[in-house]
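Quick check, what structure comes out for this input:
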Amino acid sequence: MKEIPIQKNFETFTAPIIKQKGGTENQHPSFAHTLRKALSDVNRVQMQADQAIQELAAGNRKDIHHTMIALEKAEISFQLMMQVRNKIMSAYEEIMRMQV
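Below is the predicted model:
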């Protein structure tokens, strides 16, 4: 089988985006920054769902579809976050079991 140079393809794909933002190719967001951003996005979706519930309960919004869609988005994003957390914990435990 032929090997696919993923790193080279990834850099080719991301170079225009990085240059457009004014950065250099060596400036990549850290894992912690990416994780923080993902958590804040999940939190934002959860807060939007809470807002939709409050608006429906107060009678300001009569569209239950909007509320249900917001709730499902919040639930799916939360489930995804939990799966990512589980994978990170699993990787950490595996690293801790490694013998040096």
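
just how off-centre is the longest helix belonging to the chain within its chain?
The helix that spans the most residues within the chain, counting by DSSP state H, is helix 64-97. Centre-to-centre, helix 64-97 and its host chain are 9 Å apart (Cα atoms, centre = their mean, to the nearest Å).

swap in stretch 47-60?
24 Å.

swap in stretch 60-80?
So, by Cα atoms, centre = their mean, the centroid of stretch 60-80 is 17 Å from its chain's centroid.

With adjacent residues omitted, what lies nearest to the spatially most central residue of the chain?
Among the residues of the chain, the one closest to the centroid is residue 38, at 3.7 Å (Cα atoms, centre = their mean). Among residues not flanking residue 38 along the chain, residue 81 sits closest, at 6.9 Å (Cβ to Cβ, 6 or more residues apart in numbering). To be clear about C-beta, it is placed using only N, CA and C from the backbone, and glycine gets the same treatment.

thinking again about what came up before, show me what counts as buried in the helix or strand encompassing the residue nearest to the centre of the chain.
Residue 38 belongs to helix 31-58 when assigned by DSSP states H and E. Using 16 or more other Cβ atoms under 10 Å as the test for burial, helix 31-58 gives 42, 45-46, 49, 52, 55-56.

Report the mean per-residue pLDDT for it.
Over the span of helix 31-58, the pLDDT mean works out to 93.

next one: stretch 82-100
In the prediction, stretch 82-100 has an average pLDDT of 93.

chain center to it, what's the gap?
19 Å.

what's the burial count for residue 80?
12 (other Cβ atoms under 10 Å).

nearest spatial neighbour of it, skipping sequence neighbours?
residue 42 (7.9 Å).

quick one: that neighbour and residue 87, what's the gap?
For residue 42, the distance to residue 87 equals 15 Å [Cβ to Cβ, to the nearest Å].

hang on, the earlier thing: surely the residue nearest to residue 80 is in contact with residue 81?
Yes - using Cβ atoms under 8 Å, residue 42 is in contact with residue 81, at 4.9 Å.
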